Structures are given as C-alpha cells and as structure tokens.
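S.K.: Below: sequence and its predicted model.
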Number of protein chains: 2
Amino acid sequence: MAQNIYDNPDFFAGYSRLPRQVLGLDGAPEWPAVAAMMPDLAGRRAVDLGCGFGWASRWMRQHGAESVLGIDISATMIARARADTDDPAIVYRIEDLEHLDLPRAAFDIAFSALAFHYIQDFARLSRMIFAALTPGAWLVFTIEHPIFMAAPAPDWIAARDGGRIWPVRHYAEEGERRTDWFAKGVLKYHRTMGTTLNTLIDSGFAIRRVEEFAPSPRQVAADPRLAQERERPMLLLVSAQR
Amino acid sequence: MAQNIYDNPDFFAGYSRLPRQVLGLDGAPEWPAVAAMMPDLAGRRAVDLGCGFGWASRWMRQHGAESVLGIDISATMIARARADTDDPAIVYRIEDLEHLDLPRAAFDIAFSALAFHYIQDFARLSRMIFAALTPGAWLVFTIEHPIFMAAPAPDWIAARDGGRIWPVRHYAEEGERRTDWFAKGVLKYHRTMGTTLNTLIDSGFAIRRVEEFAPSPRQVAADPRLAQERERPMLLLVSAQR
C-alpha cells in the first residue's frame, strides 16, 4: 500500500498550514493553469483521485459537474473534506490509489492533484483510470515534476552571480525517493517525464497538453517568493483523453 | 536565418572529430533507442532534416526507405555527405530549416537528429513538416534536452559526496542560449519540454513516444564516461504521427 503520511499528526499539523490548504485553490499558484486544462464539466461525472480536503471536488461541482467522487487514502483528510462540503452530489471515500478499482466506463473526467507521485505502480493506476473513463473522457492531473524530485535531498545551490541553481542528479534512476517534508522519510516515486507520458500512451490515452508550471510575471509581482519557480520546473500538469 | 556554425572552420574542425562524426551512428549512444522508435521504413519516402554527413540518411536507405532527401544548412556538411554516399535514391540539398518549405504530403517519414534546437520558430517548422507528411506518416526526432540547455554556461558541479550535480536555471525563460562549443557563441533556442510537445500537438501530431535518453548499464560498462548521462537528461527523443 502507498505510505499514508497524511494521517501522521506531525505531518498533518505542518501540511494543513500550507497556503494551498488554508486558502484552497487560491493558495495554489498553478490552479489557473490547471483550470485552463479542464474540459467543460457541465453534466460530467467526475472522480478526484487524492482529493485531500476536497477543494478540487467542490470546484468541479461549482463548475457544473453532475457528481464528484473524491478519494483519498487519509481518513483525516476525508473527515475534513466531509466537514467542509455541503453537497449531496459529492461523495468522499477512503481508499488507497495503489489498489483502487473503479467501475468501468463510470466517469467523464478523472482529476488528480499532486497524488500520483506517491504511487509505486503508475502503469496499473493509468490502465485502471482509462478503463473507468467513458470514450472521449479526460484525465487531468498534476504531479511533482521529475526534475524537482530526482535528486536526493534536493535544495537550491547558490550561484556565483547571486542567483540560484536547482540540482539534478540520478534522473534516470527511477524509483523511491525519501524526503523530509513536515515528517521524516516521506516516500515518493520518481519517474522520468518520458515514463509518465509513455505509460499514459501505453494505456491508450492521447496526450492533449503537457505544462511545466511556471508562475506568470504578474504572479511573481504579487508574490516575489514565486520567482524561484521560473528557475526550475516544479510541477508537471498533464491532460490526456481516452 | 538559423546560425550556420557548421561552416565555421574552427567549429567544423572540432565537430568533425566527435565520435559520432568519426564513427557515425556507432558513435551515437542514443542510436539504438532512436532506431527502436523508427517505424517500418520499407518503401517509405524519407526526409532527413539537418542531415549533416548523411549517416541517418544512409541508415534509412539501408533499412528499406525508397528514397531519402537529406537537408542541411551547411555546405561543408552536404559536400561531405555527397562524397560519402553512393546511392542515387539519396539526394542532398542545402537549405535552412528555419525557412524550408517542403512539398505537401510528399513524405512518409520525417527524421531529424539534433537539429531542431537551432531553430527559432519551431511552430512554423512543425506545421510545415505536418503538411509535408502523408496521413499516418511519422516524425521522429532528437534534440538536446531542455534540462541540458536551460542554464547559461551549463557545466557539472561537484557534489559533497563525490558525485556530480547538473545545474538547472532559467528553465521557464525560453529563447536564445549561447554556448561555447568548438566555437564561441553557438546559438541555440531553449524551449521547455511542454512547449515542444504542445507545439507538435497544436500542429496536429499525435505523440507516440517520449524518451529521455539514458545509456544502459551495459553501455556504461563499455564506456564509463557515459555514466554521467544517467544523472541528467541530455537528449530528448520524440516520435509523433500525423
């Protein structure tokens, strides 16, 4: 099973204070780019894989989805999602994406934010999602970018000119990465960009969009701390179609 | 017009001593991966964009292509390609890919090795190639990986553990990159991976394969200098279909 770090109290205490958890999608600088990749949601049946507090589940309903099934491994996250949601068309379920089996052809869109990099067997998950989608349905997801994840203990290096350098190491060595992020030994799985895209293609998906999120100059002006995200690709956003 | 560094005598003197120029495809460690991405060539009309000395043009003929049109901006390269080729079904032409206009629906495969990163207007080139291909035809190409190209004056950094770190900077800042490589100020154009793939998709191509070349353990055993290419993605290999 996937590591369930979200039910670790120390982790959760730190994690739930992140701007994107306190402010929701307004605290996620990539959200405008993600929203731009979303298909028309009117009347669509959506599944939100790794739904966390349910921010994206509620956003999809607000944008016309007929129903949303939110799934997360963390009981703590799902409890909070349920408490924050007053909408009978959104149902939350505790399940491990590593072993999840959705009904066939039951959804018109599968969405996932920053969850797939916790999954060891992405090929299984990708095939399962493909089967759970109707023909023409969409998969839209974000993950940590493999360039962000590849190096052990990745952190900025000072450049001689005062700028900053993002270190890349072991890029071709796929598999486990353990980092300390609110807790020791958070377990993620590094896959190259090629592996992620080819896995989708091998499942039958057509790749529609590949975005390596970078904040706009306007976003950087509003929050100068975002400037570093123009130096390295931190997040990978993908849309694909069955 | 694209910079034609290949007709600079200093550059050419260095360049033509590279293993991949002396040994041809046997000196290009990515070639087995490229060959694996190639469609069946039997009876196909091929174009080789940035053909250099004609190594890939001859390879495609040896693997069944009915005809090959090799195109390169460099008169020096084309002269050498012609001298090294004894095959009336291979024709070489001096042209700048930045402005090239091929006839419509005239080719069954377009191939390009390490040329597109010299091109400023990749969207124009991609649309032109799409129009020059027959329905179902393939585009297979290699470029320097954007992670290899992004930083100014990119070079390895020593890691504290004795390993090496590849520096990434300015990834989101697309456009000119000037490096010193056998000559001063060799001009290339950095595009993110997302931009390269989305440009192909916007032209009408379906992405079939995305490989970030890394030498196999066997290749590293045969040539330990290749080990560094498992640390960073140096080359991007893409296949797409009209």
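M.R.: That came through, no problem.
S.K.: and A:Ser57, which of the three is it?
M.R.: Here A:Ser57 is helix, with the state taken from DSSP: H, G, I helix; E, B strand; the rest coil.
S.K.: per-residue confidence for it?
M.R.: If you check A:Ser57, the pLDDT there is 98.
S.K.: Same check on A:Arg218?
M.R.: Reported pLDDT for A:Arg218: 93.
S.K.: Show me where chain A dips below the pLDDT cut-off.
M.R.: Within chain A, the set of residues satisfying pLDDT under 70 comprises A:1.
S.K.: For it, which residues are neighbours of chain B?
M.R.: Neighbours of chain B within chain A, by Cβ under 8 Å from any Cβ of the partner chain: A:147, A:151, A:157, A:159, A:163-173, A:192-194, A:197-198, A:201, A:206-212, A:214, A:229-233. Just so you know, the C-beta spots here come from the backbone N, C-alpha and C atoms, and that holds for glycine as well.
S.K.: now the residues you listed: which count as buried?
M.R.: Neighbour-count burial (16 or more other Cβ atoms under 10 Å in any protein chain shown) is assigned, among the residues of chain A next to chain B, to A:147, A:151, A:164-172, A:192-194, A:197-198, A:201, A:207-212, A:214, A:229-233.
S.K.: so of the residues of chain A next to chain B, which ones are in helices?
M.R.: Residues of the residues of chain A next to chain B located in helices (DSSP state H): A:Ile147, A:Met193, A:Gly194, A:Leu197, A:Asn198, A:Ile201.
S.K.: Let me see the contact set for the first one.
M.R.: So the one you mean is A:Ile147. Contact analysis of A:Ile147 by Cβ atoms under 8 Å, 6 or more residues apart in numbering or on different chains lists A:Trp166, A:Val168, A:Tyr171, A:Arg232, A:Pro233, B:Ile147, B:Val168, B:Tyr171.
S.K.: and what of the second one?
M.R.: For A:Met193, the set of contacting residues under the criterion of Cβ under 8 Å, 6+ apart consists of A:His145, A:Pro146, A:Leu236, B:Met193, B:Val210, B:Glu212, B:Pro233.
S.K.: Need these in TSV (columns: distance to B:Arg218).
M.R.: Below are the contacts of A:Met193 laid out as TSV (distance: Cβ to Cβ, whole Å):
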residue	distance to B:Arg218
A:His145	29
A:Pro146	24
A:Leu236	30
B:Met193	27
B:Val210	23
B:Glu212	18
B:Pro233	19
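S.K.: Give me the subset of these lying in strands.
M.R.: The strands, defined by DSSP state E, take in A:Leu236, B:Val210, B:Glu212 from the contacts of A:Met193.
S.K.: Assess the claim that the second one and A:Leu200 are in contact.
M.R.: No: contact status for B:Val210 versus A:Leu200: not in contact, 10.0 Å apart, counting by Cβ atoms under 8 Å.
S.K.: Once you drop chain neighbours, what's closest to A:Arg58?
M.R.: Leaving aside its sequence neighbours, A:Arg58 sits nearest to A:Thr85 (Cβ to Cβ, 6 or more residues apart in numbering or on different chains; 6.1 Å).
S.K.: Where do the strands of chain A begin and end?
M.R.: For chain A, the strands defined by DSSP E occupy A:45-49, A:67-72, A:90-94, A:107-113, A:133-144, A:157-158, A:164-168, A:175-179, A:186-190, A:206-212, A:235-241.
S.K.: Mean neighbour count, these: which tops it?
M.R.: Of the strands of chain A, the one with the most neighbours on average (mean count of other Cβ atoms under 10 Å in any protein chain shown) is strand A:45-49, at a mean of 26.
S.K.: ok and it relative to strand A:107-113, angle-wise?
M.R.: In terms of direction (axes from the mean of the first three to the mean of the last three Cα atoms, to 10 degrees), strand A:45-49 departs from strand A:107-113 by 30 degrees.
S.K.: and strand A:45-49, which strands flank it?
M.R.: Sheet pairing here is set by DSSP bridges, and for strand A:45-49 it gives strand A:67-72 (parallel), strand A:107-113 (parallel).
S.K.: Just the angle for that strand relative to strand A:133-144, thanks.
M.R.: Interaxial angle, strand A:45-49 versus strand A:133-144 (the same axes, to 10 degrees): 30 degrees.
S.K.: Go ahead and name everything in contact with strand A:45-49.
M.R.: Under the criterion Cβ under 8 Å, 6+ apart, residues A:54, A:56-57, A:60, A:65-71, A:97, A:100, A:102, A:106-112, A:115-116, A:129, A:132, A:141 lie in contact with strand A:45-49.
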